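**Student:** any chance you can model this:
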Amino acid sequence: MNIEKVRAEYPDLVIMGGLDKIAISMGKDGVKKEVEKVRKVLDTGGYIPYTDHAVLPEVSFDNHRFSEKRLIRF
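**Tutor:** Residues are numbered from 1 along each chain as shown. Below you'll find the model as predicted:
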């Protein structure tokens, strides 16, 4: 699902998900690509980024933490 299109059509909708779990399993380059894909919607608020469905067992704990840190701005 393209969350940018959903956000454009339903600007008040709170969205959760949108991260490709397979891309996240590809390591830090996959994480960076997915984060950039959702950054525009993330910056609008009302969006909780997470993998669609469960995180794959192939995703290391370090890569999962890396994705969380890339999504959160301090």
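
**Student:** which helix runs longest in the protein?
**Tutor:** Counting residues, the longest helix found in the chain (DSSP state H) is helix 28-42.

**Student:** mean confidence for it?
**Tutor:** The average pLDDT within helix 28-42 is 87.

**Student:** can you list contacts of it?
**Tutor:** 3-4, 7, 15, 18-20, 22-24, 47, 49, 63, 66-67, 70-71 (C-beta atoms under 8 Å, 6 or more residues apart in numbering). To be clear about C-beta, it is placed using only N, CA and C from the backbone, and glycine gets the same treatment.

**Student:** narrow these to those that are buried.
**Tutor:** Using 16 or more other C-beta atoms under 10 Å as the burial test, the contacts of helix 28-42 include 3, 7, 15, 18-20, 23-24, 47, 49, 63, 66-67, 70-71 as buried.

**Student:** looking at these, which are in strands?
**Tutor:** Taking DSSP state E, the ones among the buried ones among the contacts of helix 28-42 that sit in strands are Ile15, Gly18, Leu19, Tyr47, Pro49.

**Student:** could you measure Leu13 against Thr44, distance?
**Tutor:** Leu13 sits 11 Å away from Thr44, going by C-beta to C-beta, to the nearest Å.
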